[in-house]
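1. Kindly return the folded structure for what I paste below:
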Amino acid sequence: MTTRNVKFMKVALMAVVAILLMMLFVLQSRYTIPAVALAAVALAVYSEDRISKTHTFKFMD
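-> Presented below is the predicted three-dimensional model:
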């Protein structure tokens, strides 16, 4: 896959997730909070992976 296709797929996936979360919020379902929490965890893991690939961390005691 080309870089352009990968970027498009990421944008499409984010759009689908955003629509799903908006639907859950509008429906006021009991699954709204767990769904948002799961999305936040997934975003945190994805962001951490992206940051660690481009930066070197030095842990100090």
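
2. mind listing the helices in this structure by residue range?
-> With DSSP state H as the criterion, the chain has helices at 3-27, 32-54.

3. Serialize those to CSV and add fields for mean pLDDT.
-> Below are those laid out as CSV (pLDDT from 0 to 100):
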stretch, mean pLDDT
helix 3-27, 75
helix 32-54, 72
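
4. Can you add mean neighbour count and give those helices back as TSV?
-> C-beta here means a position set from N, CA and C on the backbone, and glycine is covered the same way. TSV is the format used below for the helices of the chain (neighbours: other CB atoms under 10 Å):
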stretch	mean neighbour count
helix 3-27	11
helix 32-54	11
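
5. Contacts only, for the nearest residue to residue 35 once chain neighbours are set aside.
-> Excluding the flanking residues, the one nearest residue 35 by CB to CB, 6 or more residues apart in numbering is residue 24, at 5.3 Å. By CB atoms under 8 Å, 6 or more residues apart in numbering, the residues touching residue 24 are 31, 32, 35, 36.

6. if you set the cut-off to 10 Å instead, what comes out?
-> Residue 24 sits next to 30, 31, 32, 33, 34, 35, 36, 39 when contact means CB atoms under 10 Å, 6 or more residues apart in numbering.

7. show me the residues around the last one that make contact.
-> Residues in contact with residue 39, defined by CB under 10 Å, 6+ apart, are 17, 18, 20, 21, 24.

8. what about 7 Å?
-> 17, 21 (CB atoms under 7 Å, 6 or more residues apart in numbering).

9. And for the third one?
-> For residue 32, the residues meeting the contact criterion (CB under 7 Å, 6+ apart) are 24, 25.

10. quick one: it and residue 26, what's the gap?
-> Applying CB to CB, to the nearest Å, the value for residue 32 to residue 26 is 9 Å.

11. hang on, the earlier thing: redo the contacts of residue 24 as JSON lines? Include distance to residue 11.
-> Listed next are the contacts of residue 24 as JSON lines, based on distance: CB to CB, whole Å:
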{"residue": "30", "distance to residue 11": "30"}
{"residue": "31", "distance to residue 11": "25"}
{"residue": "32", "distance to residue 11": "24"}
{"residue": "33", "distance to residue 11": "26"}
{"residue": "34", "distance to residue 11": "25"}
{"residue": "35", "distance to residue 11": "20"}
{"residue": "36", "distance to residue 11": "20"}
{"residue": "39", "distance to residue 11": "16"}
